[in-house]
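S.K.: coords please:
(4 chains)
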Protein chains: 4
Amino acid sequence: MSEHAETTGTPAVPEGGTGVWFIGARGSVATTAVAGCAALAAGLCPPTGMVTETEPFASAALPALSSLVFGGHDTVDWPLPKRAEALTEQGVLPHGLARAVHRELATADREIAVGGPSAGDMRTDEELTAAFASDIEDFTRRTGVARTVVVNVASTEPAPAPEDPRLPTSSLYAAAALRAGCAYVNFTPSTGIRHPFLVEAARAAGVPYAGRDGKTGQTLLRAVLAPMFHQRALDVRAWSGTNLLGGGDGAALADSAAARAKNAGKKQVLEDNLGTLPQGEVHIDDVPALGEWKTAWDHVAFEGFLGSRMVLQTIWQGCDSALAAPLVLDLARLTARAQEARISGSLPELGFYFKDPDGGSAALAEQYDSLIGFAARLREAR
Amino acid sequence: MSEHAETTGTPAVPEGGTGVWFIGARGSVATTAVAGCAALAAGLCPPTGMVTETEPFASAALPALSSLVFGGHDTVDWPLPKRAEALTEQGVLPHGLARAVHRELATADREIAVGGPSAGDMRTDEELTAAFASDIEDFTRRTGVARTVVVNVASTEPAPAPEDPRLPTSSLYAAAALRAGCAYVNFTPSTGIRHPFLVEAARAAGVPYAGRDGKTGQTLLRAVLAPMFHQRALDVRAWSGTNLLGGGDGAALADSAAARAKNAGKKQVLEDNLGTLPQGEVHIDDVPALGEWKTAWDHVAFEGFLGSRMVLQTIWQGCDSALAAPLVLDLARLTARAQEARISGSLPELGFYFKDPDGGSAALAEQYDSLIGFAARLREAR
Amino acid sequence: MSEHAETTGTPAVPEGGTGVWFIGARGSVATTAVAGCAALAAGLCPPTGMVTETEPFASAALPALSSLVFGGHDTVDWPLPKRAEALTEQGVLPHGLARAVHRELATADREIAVGGPSAGDMRTDEELTAAFASDIEDFTRRTGVARTVVVNVASTEPAPAPEDPRLPTSSLYAAAALRAGCAYVNFTPSTGIRHPFLVEAARAAGVPYAGRDGKTGQTLLRAVLAPMFHQRALDVRAWSGTNLLGGGDGAALADSAAARAKNAGKKQVLEDNLGTLPQGEVHIDDVPALGEWKTAWDHVAFEGFLGSRMVLQTIWQGCDSALAAPLVLDLARLTARAQEARISGSLPELGFYFKDPDGGSAALAEQYDSLIGFAARLREAR
Amino acid sequence: MSEHAETTGTPAVPEGGTGVWFIGARGSVATTAVAGCAALAAGLCPPTGMVTETEPFASAALPALSSLVFGGHDTVDWPLPKRAEALTEQGVLPHGLARAVHRELATADREIAVGGPSAGDMRTDEELTAAFASDIEDFTRRTGVARTVVVNVASTEPAPAPEDPRLPTSSLYAAAALRAGCAYVNFTPSTGIRHPFLVEAARAAGVPYAGRDGKTGQTLLRAVLAPMFHQRALDVRAWSGTNLLGGGDGAALADSAAARAKNAGKKQVLEDNLGTLPQGEVHIDDVPALGEWKTAWDHVAFEGFLGSRMVLQTIWQGCDSALAAPLVLDLARLTARAQEARISGSLPELGFYFKDPDGGSAALAEQYDSLIGFAARLREAR
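M.R.: Numbering: from 1, shown residues only, chains lettered A, B, ... in the order given. Model prediction:
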């Protein structure tokens, strides 16, 4: 941080501001995004990790960071400023930042509605969808923003049983976003808008949407390494990986059904890039001692010329919230601008951000080219 | 290997065959290339690691592997079949292969001329160039090949002193290639055709040439990982690396001047992709106990959102000869075909293969696109 | 190998030779042990990896390697010389060794009896035990050895259900060893002699026995690293590990019940050394592409002074058979000599070799001291 | 930290307190030691990393942490409380601790004298020694402590030229300690008391002393792993290592002469434990981006049974100050108590702490046993 001075006064809600509604608004990712956005808007930190702050996006007419207004749903009741202090102790936020942006955190905190359904909630899917949509519409009206983007950053939910007549929670929120006419981003492996029951609603809503499952570590690496092996005609025999996660994510994914949802994305990246799925497992372990940090080890056994056996190993040690938050802000800005530019439907051009994108290449370099092309399209739609 | 049967009889020199003349013809890379080419031509092994055997090159009219005829210069006197046995004991060549392709190894062995200059050799640069060129021309005439490509796979030489009036050895061979009208590939970090004294000769010769320094391990990884950090707007603070090499390469590079030549290429890839050179050193250690294998450890310290500190480490354990040999065959075929198609001068389209290419992007994905474009150009030049 | 000359003629069965009866006699470990013992006896290789060939054991009156006579049970029917060829292709045995010791492999091959029970075998536990014991006794008589040691190196079996009235296979063989009056070693995590039904028989047999589960890689490391953390008063918060195994071991342990048996030993070492079990899981993956090689990654998150968070990671890449075989020969010699010296019962002094020893310290340094003390005891028992 | 309350009032100098005089008193290690000692004495943190706080030392009559009084020499002028804040931003000290122990830091800060010699200082060695000794004696008198231990934690100095008639700075301070009748500990690779000119003075002073070069990371690991390879009769062929250091240590050791001093210790541990020095280099890189953290990568190529080739790699990521500070406190307590118990001369029993100890075993387990024996000796000397 270049300085620690606290921003003061009432934040002026900008004319034509953009709402960002987080599902999981009190989680680490949302808290980091809110705090970081405020810090960047105040010039306290450089925009490291934000792709939309790089040169190719300069004229894409994205909403300014200072124009973003935050709110969301959550089921826990821990104030954002407190959460930010905890993230500081974990080394996620730099010293003094939580205090410097306390006002923005408190403002966002007041815009967080109680999510659901909690145990014993007797409402139908329709009633829940309506209630959530109403929360979002109220927020849009109350804050006077021009439009609101709904972004799912909640804990991963178990993969739903195919025969279940009810929508999983993530899909209830997605349905609410559609009903409220909002662009929708699913940064988690949960079902969200991809549920078969939502196909028609998604088509009818005429909003842009993107997902699924943010690519922040092991899969990001796989998306550049797998194409390398492929381009060099090397034969990947086995690709094995272990992820150690602390924080809430680790606990959620220790549930094997939730982990299965996440692992599917990880393997998909290999299969799409290599043309075949190599041997090897992916493990996700809950290791609370790691706090907000995660470690991913990958072991790639490959064969070269004349069957020679070689190995590549990678170890990625990152902070999940710090990796995810800038991408989440990127996506909110891009989909808000897309909606403004009357672009609707799924956005395969945003595959750069996702483990399990809505089509397009699985190789990061091609996904980046596609993203840059999307920036150009937004620029021209001015 | 699918079978170990020995190929028999005299190899029919193919009409319009292509000569491949190795500088360093008795080294591990050349031996592996000769043995592997024979094994592939005989269908004993799949062409793993050969990019020119993948689909995009199918119609580029490259010379068939069975049409390649090998010869070269070397200063040592160890028969290729013996060398191949030693490589088998090191695990580079599969069991039985050296025996199966013994005839092809012996044929190539007979085409190896004595290189130089050795200590006390009093010939001038001009006399040496003429002698080497004459060796190459004799080979072309004797074998009846349509043309010969000269490929430098000799041990790395120390970076020459700027004021030295003599050409370094690698440049003498490059000059000989130009005089003999041959396409030229420099797979090593040595000076080769890049010497200022050769600028005019290279222009006048009207042959294609490519280099410098094959990208087979640590730098290959850097060429995909550095673009990833850049595209994600992550701030690479330090990139440190250590290479452990056995074999002759390790011994040659333990010489600090030779290592400096190699390291320059490794750092260049970072600077070109990141826009700035991060902190960090690169070490090259000679570890004879590793035999033909090398290990490269890279440690990348980077900052993400709000200055969060993260680390990526990679460990690459490969067999240098097995990584280099298929690329050397690729390059021989591509430059031979380029000469046939009357393409001359430096070939930045082959940057995919080199640490220190003749221009073009430093990102592997873009280099691959450029290479595929080159294949299309060769196809159309049919 | 210092030379590849084949040993010739009929091996003279040494006066007072020692029989080594392998359960799993056609597996990689047994084959490597038989081939290696012959190679060492013939002076073809140095005794790397054999602790009993180091100075402290020089006067312990252990049976000479040249006096060991091999046989065993197995359920597959693949000749040892063929198996040795396959191990050569995998890089486990050096070139030429299988041929050089072909005679010894063939001799051992003839002493391998059909194990069991196979599917549909209707014999009772008593009948099976009697049949196996009879096989062992026949071998002892036929070869004229002074005594026979039974060593279990078969694939790990699933942990038995507590209520099962039948003995697991490994315990049937252990019962047979007791009945035949043989010393017994269990190098696997299977139950073997530790079954409650065998307590009385083990006591009555008056033979020495040792186990369980050879310590050859990840656990070996843990047995020196965990004491280091403990002695330095560092607080290990989480110890996570992943094992990638090819070969038969990987397939057997992909069965989760078998893996559970193995993992119990791995965690025990941590708990015994640290005084508490840290967070973290252990995974065992079957990765057939790795062949006879295994890779173990360990990640240790620990806290130091004032709660500072640090990490140690280890990567162990080894050949399981080459690690196990010399220890198996050590154990056969040590237990045979113990029986000769009228030592009986469990041998906690051999804890150096095992993940789950029969008591004693869990720290390798103390286990080594105990082993050296055992050598002194054997020396004095001369 | 269990609580963040600030300790209040004037610290009562305890009757018979013990002085700890740091050479390099404003460095990271000294600052962490002073802050940590105060935090532990106040019960704010558990004594993780302090060996002398474990059970075997309970009755050794060591000086209480609350009785330690700090002072020292340094050449820079940065107040300790500021330094502690900087260490908090680096993640070395936990949040709030610097504030909680501000008073103790300020007290120690007032006891720091200006060290030397700085450039242009014309004093002779004798004059410098006398001046430093006088500073130490003044401190002892002023604070009323029963005795003072001098501990060198300054930056590593280049290895002195053998023919230099002047003492290196570290030896001047050691001479001063001897003259002041103080026990002396050298936690750095610098020469200190080991200079040939000091042999007689050390003998005559009748004080205990210990060194050299604290074992806090890579060498600590080597001291447990090398004995493991040796005990298992495995043949270590090459042991290569790279250290990435930020902080002042990295900058000091980027100087190749200083690095050479440090590396000698690292290699000595291998040679002493393995009986022979394997192939392989050790690199120390200055990587300022790592701040107070260091990363050490080790690659061990070893051969097992029948020459099979295997590899162990370790990656140690630690905070140097947090690793060193508790050991420094241990050593101050142990040598102070030794002096009280009239033990003098070099203390090989403290080899557990050093890369290059004053004799004794090089294996950590044996060094630990020796240390525990020393605790017993101190207990009996009560």
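
S.K.: the closest residue to residue A:347 other than its chain neighbours in helix, strand or coil?
M.R.: For residue A:347, ignoring the flanking residues on the chain, the nearest one in space by CB to CB, 6 or more residues apart in numbering or on different chains is residue A:210 at 4.5 Å. To be clear about C-beta, it is placed using only N, CA and C from the backbone, and glycine gets the same treatment. On the three-state scheme (DSSP: H, G, I helix; E, B strand; the rest coil), residue A:210 is labelled strand.

S.K.: residue numbers of the stretch 51-200 of chain A in contact with chain B?
M.R.: Counting by CB under 8 Å from any CB of the partner chain, the positions of the stretch 51-200 of chain A adjacent to chain B are A:51, A:53, A:54, A:91, A:92, A:93, A:94, A:97.

S.K.: count the neighbours of the nearest residue to residue A:48 once chain neighbours are set aside for me.
M.R.: Excluding the flanking residues, the one nearest residue A:48 by CB to CB, 6+ apart is residue B:235, at 4.9 Å. Counted with other CB atoms under 10 Å in any protein chain shown, residues neighbouring residue B:235 total 18.

S.K.: same question for stretch A:167-183, mean pLDDT?
M.R.: Stretch A:167-183 carries an average pLDDT of 98.

S.K.: hey, C-alpha coordinates of it in PDB?
M.R.: In PDB, the C-alpha atoms belonging to stretch A:167-183 read as follows (Å, rounded to 0.1, in the frame of the first residue of the first chain):
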ATOM      1  CA  LEU A 167     -33.100 -26.700  -7.500                       C
ATOM      2  CA  PRO A 168     -29.800 -26.600  -5.700                       C
ATOM      3  CA  THR A 169     -29.200 -23.400  -3.800                       C
ATOM      4  CA  SER A 170     -26.700 -22.000  -6.300                       C
ATOM      5  CA  SER A 171     -29.400 -22.400  -9.000                       C
ATOM      6  CA  LEU A 172     -32.000 -20.600  -6.900                       C
ATOM      7  CA  TYR A 173     -29.800 -17.600  -6.800                       C
ATOM      8  CA  ALA A 174     -29.100 -17.900 -10.500                       C
ATOM      9  CA  ALA A 175     -32.900 -18.000 -11.100                       C
ATOM     10  CA  ALA A 176     -33.200 -14.900  -8.900                       C
ATOM     11  CA  ALA A 177     -30.600 -13.100 -11.000                       C
ATOM     12  CA  LEU A 178     -32.400 -13.900 -14.200                       C
ATOM     13  CA  ARG A 179     -35.700 -12.800 -12.700                       C
ATOM     14  CA  ALA A 180     -34.100  -9.500 -11.600                       C
ATOM     15  CA  GLY A 181     -32.700  -9.000 -15.100                       C
ATOM     16  CA  CYS A 182     -29.100  -9.200 -13.900                       C
ATOM     17  CA  ALA A 183     -26.000 -10.400 -15.600                       C
END
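
S.K.: circling back: farthest pair within the residues of the stretch 51-200 of chain A next to chain B?
M.R.: A:54 and A:91 (25.7 Å; CB to CB).

S.K.: of the two, who's got more company?
M.R.: residue A:91 (18 against 15).

S.K.: SS state for that one?
M.R.: coil.

S.K.: which residues does the residue in the stretch 101-250 of chain A positioned nearest to chain D form a beta bridge with?
M.R.: Chain D sits closest to residue A:244 of the stretch 101-250 of chain A, with a gap of 13.9 Å, by CB to the nearest CB. In this entry, residue A:244 is beta-bridged to residue A:285, residue A:295, by DSSP bridges.

S.K.: so what's it scoring on pLDDT?
M.R.: The model reports residue A:244 with a pLDDT of 95.

S.K.: which element is the residue of the stretch 101-250 of chain A found nearest chain C on?
M.R.: Minimum separation of the stretch 101-250 of chain A from chain C (CB to the nearest CB) falls at residue A:237, amounting to 3.6 Å. Per DSSP states H and E: residue A:237 is located in strand A:235-245.

S.K.: who's in contact with the residue of the stretch 101-250 of chain A closest to chain C?
M.R.: Counting by CB atoms under 8 Å, 6 or more residues apart in numbering or on different chains, residue A:237 touches A:278, A:279, A:301, A:302, A:303, C:289.

S.K.: pretty sure residue A:235 contacts residue A:300?
M.R.: No: using CB atoms under 8 Å, residue A:235 is not in contact with residue A:300, being 11.0 Å away.

S.K.: residue ranges with poor pLDDT in the stretch 151-300 of chain A?
M.R.: A:248-259, A:261-262 (pLDDT under 70).

S.K.: can you show me the helices along it?
M.R.: A:169-179, A:199-205, A:218-231, A:247-254, A:256-274 (DSSP state H, counting those that start in this stretch).

S.K.: can you get me a residue count around the residue of the stretch 101-250 of chain A closest to chain D?
M.R.: Using other CB under 10 Å, residue A:244 is surrounded by 26 other residues.

S.K.: my read: it touches residue A:289, true?
M.R.: No: assessed by CB under 8 Å, residue A:244 is found out of contact with residue A:289, at 9.2 Å.

S.K.: and for those two, which residues touch both?
M.R.: Taking CB under 8 Å, 6+ apart as the contact rule, residue A:244 and residue A:289 both touch residue C:238.

S.K.: contact partners for the most centrally placed residue in chain A?
M.R.: Residue closest to the average C-alpha location in chain A (CA atoms, centre = their mean): residue A:187, at 2.9 Å. Applying CB under 8 Å, 6+ apart to residue A:187 gives the contacts A:29, A:151, A:152, A:153, A:211, A:213, A:214, A:324, A:327, A:328, A:331.

S.K.: alright, that wraps it up for me.
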